[in-house]
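Visitor: coords please:
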Amino acid sequence: MSSVLVIGYDPQAIPGVDARALTAAFDAELARFGEHGIDAASALVVSGESAESVLVPSLTERPWRVVVIGGGIRKEESLLPLFEQIVNLVRRHAPQAAIAFNTSITDTFAAAQRWL
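Guide: Next comes the predicted model:
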């Protein structure tokens with residue numbers, strides 16, 4: 001079975017957004033993986049300080065086929081150091097995984113599909 005880890009920025013930590021709505025959309029997108037027989041999990045980060053402690057256990061949990069790094073991390077200029085840290089953690093702890101990038105929550109499945 002193919003496996004995908006989705007790394008995103010924790011909606012609870014984003015000021016001024018509806019965290020419940022983002023979480024519901026994210027959960028719906030993760031459910032799409034299961035509908036296609038793909039094992040998917042998520043890891044949500046908040047800052048560079050927490051990224052390593054959250055991601056290393058997730059990245060080493062199993063041999064991921066694809067790791068998707070969310071657009072919320074990649075697109076926000078102030079999060080560039082976090083994005084770099086995440087890419088390097090993936091490279092170091094899941095070197096067998098393809099790295100994919102989504103543009104929004106709703107195309108996470110499509111981003112992973114490009115590499116499955």
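Visitor: So in the chain, which helix runs the longest?
Guide: Assignment by DSSP state H gives helix 19-35 as the longest helix of the chain.
Visitor: ok, residues contacting that helix?
Guide: 4, 6, 8, 11-12, 14, 39-40, 42, 105-106, 108-109, 112 (C-beta atoms under 8 Å, 6 or more residues apart in numbering). No exception for glycine: its C-beta is placed from N, CA and C like everyone else's.
Visitor: try 7 Å
Guide: Helix 19-35 has contacts (C-beta atoms under 7 Å, 6 or more residues apart in numbering) with 4, 6, 8, 11-12, 40, 42, 105-106, 108-109.
Visitor: Check the offset of that helix from the chain's centre.
Guide: Taking C-alpha atoms, centre = their mean, to the nearest Å, the mean C-alpha location of helix 19-35 is offset from the chain mean by 12 Å.
Visitor: C-terminal to it, what's the next element?
Guide: Sequence order places strand 39-45 as the next helix or strand after helix 19-35, per DSSP states H and E.
Visitor: List the buried residues in that next one.
Guide: By neighbour count with 16 or more other C-beta atoms under 10 Å, strand 39-45 contains the buried residues 40, 42-45.
Visitor: And the helices in this protein?
Guide: Going by DSSP H, the chain shows helices at 19-35, 48-59, 71-74, 80-93, 108-113.
Visitor: what packs against the shortest one?
Guide: Contacting helix 71-74 under the criterion 3 or more C-beta pairs under 7 Å, 6 or more residues apart in numbering; DSSP states H and E are the following elements: strand 3-9, helix 80-93.
Visitor: Which elements pack onto the last one?
Guide: Counting by 3+ C-beta pairs under 7 Å, 6+ apart, the packing neighbours recorded for helix 80-93 are helix 48-59, helix 71-74.
Visitor: Please work out which of those is packed deepest.
Guide: Mean neighbour count (mean count of other C-beta atoms under 10 Å) peaks for helix 71-74 among the helices and strands packed on helix 80-93, with a mean of 18.
Visitor: Can you list the neighbours in contact with that one?
Guide: Counting by C-beta under 7 Å, 6+ apart, 8-9, 79, 82-83, 86, 101-104 sit against helix 71-74.
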